[in-house]
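Peer 1: no sequence on this one, just coordinates:
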């Protein structure tokens, strides 16, 4: 499959760099074609400008500022998102990608009745890979928004047709080397089976 891999971590020496490599190793070993999109390395601007907001519903002109990212998304058959969870949310750069790229006419259409209908029906699989500094119970207390962004929102805009996987390492602040290495093995294995 053609996979768009969205990577959202600014540090090359982070544990997320190891997660990314494990995921890529698994995907490439399975024979997938990967379009690797490092949002930081590509200097993606996450800020939705006033002009973009004014033109948000002006399909197809709304794509203009992010056309290259829209084309990459349209060429993909699957999405992999790899990111840390910060303050129980997506990193700002990834949230900005959602805001600027998942536009009307791209991820959904609005009918005359005003109802949003899914438009990413070509996406067959989605995977989210994330780490959380705190234990799972704390994420559950506030609803685990990063997990829901992947398992519910992205799933919904595919027409509820994509299979979804979510791989999370909770309590990262206390994860020892054994637990981190086991997580890398899990990521590699799940991506090889993706």
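Peer 2: Alright, I've got the coordinates. Values in this document were obtained by computation on a predicted structure and should not be read as measured data.

Peer 1: now for residue 165: which residues touch it?
Peer 2: By C-beta atoms under 8 Å, 6 or more residues apart in numbering, the residues touching residue 165 are 125-128, 190, 194. All C-beta atoms are positioned from the backbone trio N, CA, C, and that covers glycine.

Peer 1: from these, pick the one nearest residue 134.
Peer 2: Nearest to residue 134 among those, counting by C-beta to C-beta, is residue 128 at 17.3 Å.

Peer 1: residues near the closest residue to that closest one other than its chain neighbours, how many?
Peer 2: For residue 128, ignoring the flanking residues on the chain, the nearest one in space by C-beta to C-beta, 6 or more residues apart in numbering is residue 150 at 3.4 Å. A count of nearby residues for residue 150, using other C-beta atoms under 10 Å, gives 23.

Peer 1: pretty sure residue 150 contacts residue 162?
Peer 2: No. Using C-beta atoms under 8 Å, residue 150 is not in contact with residue 162; the gap is 10.4 Å.

Peer 1: for the two, list the residues in contact with both.
Peer 2: Common neighbours of residue 150 and residue 162 (C-beta under 8 Å, 6+ apart) are residue 126.

Peer 1: let me see the ranges of the helices in this protein.
Peer 2: Per DSSP state H, the chain carries helices over the ranges 15-29, 50-54, 67-75, 92-101, 136-141, 145-148, 155-157, 177-192.

Peer 1: of all those helices, which lies closest to residue 110?
Peer 2: Comparing those by C-beta to C-beta, helix 155-157 comes nearest, at 12.7 Å.

Peer 1: how close does residue 83 sit to residue 147?
Peer 2: Separation of residue 83 from residue 147 (C-beta to C-beta, to the nearest Å): 12 Å.

Peer 1: now do residue 187
Peer 2: Applying C-beta to C-beta to residue 187 and residue 147 gives a distance of 16 Å.

Peer 1: who has more neighbours out of these two?
Peer 2: Counted by other C-beta under 10 Å, residue 187 and residue 147 do not tie: residue 187 has more neighbours, with 24 against 18.
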